[in-house]
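Chemist: using only what follows, build the 3D model:
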Amino acid sequence: MAKLSGGVAVIKVGGGSEVEVNERKDRVVDALCSTRAAVQEGIVAGGGTALLRASKKLETLANDSSLTRDQRTGVVIVRNAVRLPAMKIAANAGKEGAVIVEKVLEAAEESTGYDAQNDKYVNMFEAGIIDPTRVVRVAISDATSVASLMMTAEAAVVEAPKESKKKNGKRAPAAEVEEDEELFGSY
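Modeler: Below you'll find the model as predicted:
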C-alpha cells in the first residue's frame, strides 16, 4: 500500500467488445479510487460489519437519560439504518438478514462478520472483506444529508404503491412488506 501513495502507473484494459472494455475500465477506476481512499483514511471490516459495531454503540447512546425524546428517536433511526447494509447483503445471499445481524453482533471479536459468498462467519480482515473508512464515512454523511433534506422539504413526489388484484370487487393493498418498513414503520 505504501507504494500506491504516489507515482505513476499504466493499466491496460482489454475486452471482447466496447461494452466489456468500458465495464472493466469502470471496475479499475473504482478499485483505484477505493485504494486511494484506503491509503488516506484506512480500512474497516467490510460487509456492513463496521456499521453493525457502530449500531451497538448507538444502542448504548439511545439509553442515555440525558438525551431528549427527539434525540433518542434520532439515534434509534440511525441505529436501525446502519444495520440495513448487512441485512441486505445477507438477504441477497438468500439468508434471513435479522438472524445474521444478531449473530454478528453477538460475536466477541469486533472484526467478525458474515462472509455471504462462503456462507460463514469470519474475521473480515483475514478474509480480505474490507471497506475504505472514507467510503463508509461519506456514505453515512450523504445519507444523513439526504434524510435532512427530505425532512425539511414541503413536498415530495413518490411512486404510487402497487395494488394487488381485486378481491370481492374491491382493490386490496399489496401484501408485500419490505424489511425497511418493518424497521421504520409505514409512512
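Chemist: quick check: buried residues in the helix or strand residue 72 falls within?
Modeler: Residue 72 is part of helix 69-92, with elements assigned from DSSP states H and E. Within helix 69-92, the residues that qualify as buried by neighbour count (16 or more other Cβ atoms under 10 Å) are 75-76, 78-87, 89-91. Bear in mind the C-beta positions are built from the backbone N, C-alpha and C, glycine included.
Chemist: tell me the domain ranges of this protein?
Modeler: The chain breaks down into these structural domains: 11-41, 45-152 (assignment by automatic domain parsing).
Chemist: nearest to residue 159, of these?
Modeler: domain 45-152 (14.9 Å; Cβ to Cβ).
Chemist: gap between the two ends of the closest one?
Modeler: Domain 45-152 has its terminal residues 34 Å apart, counting by Cα to Cα, to the nearest Å.
Chemist: report the mean confidence score over that domain.
Modeler: Per-residue pLDDT values across domain 45-152 average out to 95.
Chemist: phi, psi of residue 162?
Modeler: In terms of degrees, to the nearest 10, the main-chain angles of residue 162 are phi -70, psi 150.
Chemist: next, the buried residues of stretch 114-130.
Modeler: Judged by neighbour count using 16+ other Cβ under 10 Å, the buried positions of stretch 114-130 are 114, 115, 116, 121, 122, 123, 124, 127, 129, 130.
Chemist: again with stretch 19-36
Modeler: Residues residue 34 are the ones in stretch 19-36 that count as buried (16+ other Cβ under 10 Å).
Chemist: what are the ranges of the helices in this protein?
Modeler: 18-41, 49-62, 69-92, 97-106, 124-127, 133-152, 179-184 (DSSP state H).
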